[in-house]
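Peer 1: Here you go, sequence then predicted model.
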Amino acid sequence: MTQANQDPTPDRRTYYRNVATGDRGYMVRRHGADHIKFDRPGVDQTRLFKSDEWVIEQQTRQLPAHEIAQVAFAADRRLCKLLGKLSESRLTWLDLDNDERVRWVKEGPKVPVTSMRAKVWRSIVNAMVVDG
């Protein structure tokens with residue numbers, strides 16, 4: 001009886017680094033044994049997992065600040081719609097000029113820091129920033 005290959009979904013992966021080469025991969029099951037699948041596009045290249053060759057990666061990839069800001073901006077638009085601020089809810093990221101986008105990345109919406117919109121912005125940014 002053969003064991004099926006098992007690959008975790010992206011949100012369930014545990015990433016590792018090879019101590020000798022620096023290659024990045026994640027744990028999968030191949031033929032009933034733990035393997036590391038290289039985190040590369042293309043072929044299904046795996047290697048038998050040996051604990052002395054791989055260490056758990058402590059930090060995941062840092063998301064770009066402008067991408068985090070766009071997620072927070074989209075949430076702010078939806079919140080504005082719920083709050084009845086219709087003109088603000090209709091603005092898109094591309095409607096902002098470059099200076100406004102830079103300010104949004106750093107400060108979020110132009111509202112008091114104790115407002116719900118500011119709290120939502122801070123929560124999203126804090127949740128998406130890796131290691132501060």
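Peer 2: In hand now; what should we look at? These numbers were taken from a predicted model, which means no experiment stands behind them.

Peer 1: now the strands for this structure?
Peer 2: 15-18, 24-30, 33-38, 46-48, 54-56 (DSSP state E).

Peer 1: So for the last one, mean pLDDT?
Peer 2: Rounded to a whole number, the mean pLDDT of strand 54-56 is 92.

Peer 1: again with the longest one
Peer 2: Rounded to a whole number, the mean pLDDT of strand 24-30 is 91.

Peer 1: Pull out the CA atoms of it and give them to me as PDB.
Peer 2: Extracted C-alpha coordinates of strand 24-30, given in PDB (Å, rounded to 0.1, in the frame of the first residue of the first chain):
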ATOM      1  CA  ARG A  24      13.900  27.700   1.500                       C
ATOM      2  CA  GLY A  25      11.300  25.000   1.500                       C
ATOM      3  CA  TYR A  26       8.300  23.700   3.400                       C
ATOM      4  CA  MET A  27       7.300  20.400   5.000                       C
ATOM      5  CA  VAL A  28       5.400  17.900   2.800                       C
ATOM      6  CA  ARG A  29       4.700  14.100   2.900                       C
ATOM      7  CA  ARG A  30       6.100  12.000   0.100                       C
END
